[in-house]
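K.L.:
Need coordinates for the following:
(one chain, ligands or ions: 1)
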Amino acid sequence: MASKSLKTFTREEVAKHNKQDDLWIIIDANVYDLTRFAAMHPGGLAALIDEEIAGQDATDQFFALHRFEVLLKPQYKRLTIGIIEGEENALHPPTIGDISKIPYAEPTWLSEGYYSPYYTENHRELQKAVRRFTDEYLRPDAQAREEDGKRPDQKVFDKMAELELHAMRMGPGKHLKGRTLMGGIVKPEEFDYFHELVIMQEMVRCGARGYGDGLLGGKVIGLPPVLNFGSEELKARVVPDILAAKKFICLAISEAHAGSDVMGLQTTAVKSEDGTEWIINGSKKWITNGTFADYFTVGCKTEDGFTVILVERGPGVETRQIKTSYSTTAGTAFITFDNVRAPVGNTLGEEGGGIFVMLSNFNHERWVMCCASARAQRGIVEECLKWTTQRKAFGKPLNSLATIRAKLAAMIQRAESVQNWLESITYQMCNMSYKQQAGKLAGQIAFLKSYSTSCAQETARDAVQIFGGRGITKTGMGSLIEHYHRTIPFDAILGGSEDVLSDLGVRQAMRSMPKDARL
Ligand code: HEM
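P.N.:
Numbering: from 1, shown residues only. Below is the predicted model:
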């Protein structure tokens, strides 16, 4: 942390500066002059002029109360005046691209000395590149956008487009053909679901749930129906601009009237008299990226059932922000369609065949959410392991309490089981056609998502208990825990709520019961 050219001091010299008008302290061998800062210290003056702090080594006390990033902020970094003679920094903040050394903070395949049958050298190379990208570009933008509530910076979208991350997030397929993926690291024909898993799990590390959805979550779920069911003409017209992040798309299915109950939807589409256009009326609610979308993949009631239609923003389309418990960065919208016209050529799949279009979309959407949920809960394990090691209560580190260790054990078990099941399903996806996946994996993926998010909710609850008041405070040591606990219900609801998905899994199993089986 401190540069070699800094002045050196002995501990005895530092100890002489122990008064309010001449106040130095030592943190991790660095010497800080807090004389002018002390009166402005957010933790109060008294904490700093305490006789155990002023002029002393306050490393343990500091890290019990502040995150590392406090010391890295320019306004505080410049309080450093030197380093203790003959000593070096023993503590190191995470740097760009780092793999965490904290046990269980990384999935096994990334942990030193462990093996995996699933990941190749190519997946590893991609992982390194996406981690650097996330640390360098996404994390700073995520923090700034969570503060101001605006959507992710267009520069971030453009950079992602340059690396073809928008295209890769749609999974393997023809849409990757001819593209240079992540600067050429992966060949389009070699890109598989483990590559996609790596991208999801790295990006979610930016630790901002609303921002994560703002990073074109709407495209991840709204574009597949166009790619899989749109006409060639429609695809040629809309897909290139969407994958270049020049235009935005969202999936507009749920309504105030019906969420998980897709058959209960009330938005209607009727044909114009000359039969060339759909006329759409109704409303949609909780639509991710809806506030800034140019295209809407809309589920509509039609004469012969349910039909999915691509609607372009234009006369009669209105979107307004819904205030949810995560940030407005996600652009969550309430949308009204008032006699909105869309060409009949914008129909996705068969007229009346919308249920099939939607159901085949769900598997991928839910699997993507499982990737994110598995990785995000692991991040909470890391926070809790660090905190319980560095935080002392009743004179001992928190992790010396058996009740705390029991909570850590449960968290770790949940994170590991979710990741391992996810990898097993991903392996099946790599070896099955899209159609086979729909038949064989709908139940498994539904179960995994419901299991993963219930694990995540328990982990969020345990983490708040471990962090105490800090787990409900937006700044400081527990900021990530507070954020996670507040936003975890999104995972448990979006893409199908836990109860609905568990039931779906059992119903799929019931359908596959052999007729001749008896106890
Ligand atoms: C370079 C030295 C220090 C800097 C730049 C600094 C800065 C800060 C900042 C920015 C906060 C607000 C924390 C947040 O909400 O993120 C804070 C809080 C606090 N600081 Fe410091 N601090 C320093 C040293 C110390 C030391 C040595 C102590 C002594 C124990 C201390 C005690 C506290 C306390 C008690 C709080 C309130 C924590 C809470 O609300 O949970 N600080 N400090």
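K.L.:
what residues go with each domain of this protein?
P.N.:
When the chain is parsed with automatic domain parsing, its domains come out as 7-84, 110-215, 249-352, 361-511.
K.L.:
among those, which is nearest Leu243?
P.N.:
Among the domains of the chain, domain 110-215 comes nearest to Leu243, with 4.8 Å by CB to CB. The C-beta positions use only the backbone N, C-alpha and C, and glycine is treated the same way.
K.L.:
The residue of the stretch 101-250 of the chain found nearest the ligand: neighbour count?
P.N.:
For the stretch 101-250 of the chain and the ligand, the shortest gap (CB to the nearest ligand atom) falls at Gln143, measuring 12.8 Å. Look at Gln143: counted by other CB atoms under 10 Å, it has 14 neighbours.
K.L.:
so how far is Gly471 from it?
P.N.:
According to CB to CB, to the nearest Å, Gln143 and Gly471 sit 19 Å apart.
K.L.:
who in the stretch 401-519 of the chain is up against the ligand?
P.N.:
Counting by CB under 6 Å from any ligand atom, the stretch 401-519 of the chain comes close to the ligand at Thr475, Gly476.
K.L.:
ok, now with 8 Å
P.N.:
Applying CB under 8 Å from any ligand atom, we find that the stretch 401-519 of the chain lies next to the ligand at Gly469, Arg470, Thr473, Thr475, Gly476, Met477, Ser479.
K.L.:
now do the stretch 51-200 of the chain
P.N.:
By CB under 8 Å from any ligand atom, the residues of the stretch 51-200 of the chain that approach the ligand are 53, 58, 61-62, 64-67, 70-71, 73, 76, 79.
K.L.:
from the stretch 301-450 of the chain, which residue is nearest to the ligand?
P.N.:
Closest to the ligand within the stretch 301-450 of the chain is Arg391: 11.0 Å, counting by CB to the nearest ligand atom.
K.L.:
Sorry, wrong one. I was asking about the chain.
P.N.:
For the chain, CB to the nearest ligand atom, closest residue to the ligand: Gly43, 2.2 Å.
K.L.:
show me what contacts that residue?
P.N.:
By CB atoms under 8 Å, 6 or more residues apart in numbering, the residues touching Gly43 are Leu65.
K.L.:
My reading is that it lies in a helix. Confirm?
P.N.:
No: when classified by DSSP: H, G, I helix; E, B strand; the rest coil, Gly43 is found to be coil rather than part of a helix.
K.L.:
State the phi and psi torsions of it.
P.N.:
phi -90, psi 10 (degrees, to the nearest 10).
K.L.:
Looking at it now. What's its pLDDT?
P.N.:
Residue-level confidence at Gly43 comes out at 96, pLDDT.
K.L.:
do the same with Lys435
P.N.:
On the pLDDT scale, Lys435 gets 82.
K.L.:
elements contacting the helix or strand where it lies?
P.N.:
In the assignment (DSSP states H and E), Lys435 maps to helix 434-467. On a contact count with 3 or more CB pairs under 8 Å, 6 or more residues apart in numbering; DSSP states H and E, helix 434-467 meets helix 354-390, helix 402-431, helix 479-493, helix 498-511.
K.L.:
and for the worst-scoring helix or strand of the chain on mean pLDDT, what are the contacting residues?
P.N.:
Using mean pLDDT, DSSP states H and E, strand 392-393 stands out as the lowest-scoring helix or strand of the chain, at a mean of 86. The contact list for strand 392-393 (CB under 8 Å, 6+ apart) reads Asp60, Ala64, Leu398, Leu401.
K.L.:
Report the mean confidence score over the host helix or strand of the second one.
P.N.:
Using DSSP H and E, Ala64 maps to helix 59-65. Here the mean pLDDT over helix 59-65 is 93, rounded to a whole number.
K.L.:
how distant is that helix from the center of its chain?
P.N.:
Its chain's average C-alpha position is 29 Å from that of helix 59-65, according to CA atoms, centre = their mean, to the nearest Å.
K.L.:
got the contact list for it?
P.N.:
By CB under 8 Å, 6+ apart, the surrounding residues in contact with helix 59-65 are Ile26, Ile27, Asp28, Gly43, Glu52, Ile53, Leu91, Gln390, Arg391, Lys392, Gly476, Met477.
K.L.:
Just the closest of those residues to Gln266, please.
P.N.:
Nearest member of those to Gln266, counting by CB to CB, is Gly476, at 45.6 Å.
K.L.:
How many residues are close by the residue nearest to the closest one when sequence neighbours are not counted?
P.N.:
Leaving aside its chain neighbours, Gly476 sits nearest to Arg470 (6.1 Å; criterion: CB to CB, 6 or more residues apart in numbering). Counted with other CB under 10 Å, the neighbours of Arg470 add up to 18.
K.L.:
got it, and the one 10 residues further on?
P.N.:
Residue neighbour count, defined by other CB under 10 Å, stands at 19 for Leu480.
K.L.:
Touching, Gln419 and Arg378? I think so.
P.N.:
Yes: applying CB atoms under 8 Å, one finds Gln419 in contact with Arg378, separated by 7.2 Å.
K.L.:
Pull up the overlap in contacts between those two.
P.N.:
Common contacts of Gln419 and Arg378 (CB under 8 Å, 6+ apart): Pro107.
K.L.:
where does the stretch 351-500 of the chain dip in pLDDT?
P.N.:
Counting by pLDDT under 70, the stretch 351-500 of the chain shows no low-confidence range.
K.L.:
State the next helix or strand along the chain beyond the least confident helix or strand of the chain.
P.N.:
strand 396-397.
K.L.:
In its sheet, which strands sit next to that following strand, and in what direction?
P.N.:
Taking DSSP bridges as the criterion, strand 396-397 forms sheet pairs with strand 392-393 (antiparallel).
K.L.:
what's the neighbour count on the spatially closest residue to Ala456 that is not a sequence neighbour?
P.N.:
Excluding the flanking residues, the one nearest Ala456 by CB to CB, 6+ apart is Gln377, at 4.6 Å. A count of neighbours around Gln377, defined by other CB under 10 Å, yields 27.
K.L.:
And Ala517, by the same measure?
P.N.:
Ala517: 6 neighbours (other CB under 10 Å).
K.L.:
Assumed it was part of a strand.
P.N.:
No: Ala517 is assigned coil when assessed by three-state DSSP, not a strand.
K.L.:
which residue is nearest the centroid of this structure?
P.N.:
Val204 (3.3 Å; CA atoms, centre = their mean).
K.L.:
Can you tell me the closest non-neighbouring residue to it?
P.N.:
Excluding the flanking residues, the one nearest Val204 by CB to CB, 6+ apart is Ala372, at 4.4 Å.
K.L.:
if I read this right, the one you found contacts Asp491, doesn't it?
P.N.:
Yes: here Ala372 reaches Asp491: they are 7.2 Å apart, a contact under CB under 8 Å.
K.L.:
follow-up on the earlier one: which residues touch the residue of the stretch 101-250 of the chain closest to the ligand?
P.N.:
Ala208.
K.L.:
can you pull the pLDDT of it?
P.N.:
With respect to pLDDT, Gln143 scores 93.
K.L.:
From Gly173, how far off is Ile249?
P.N.:
For Ile249 relative to Gly173 (CB to CB), the value is 16 Å.
K.L.:
Revised request: answer the last question for Ser454.
P.N.:
Ser454 sits 31 Å away from Gly173, taking CB to CB as the criterion.
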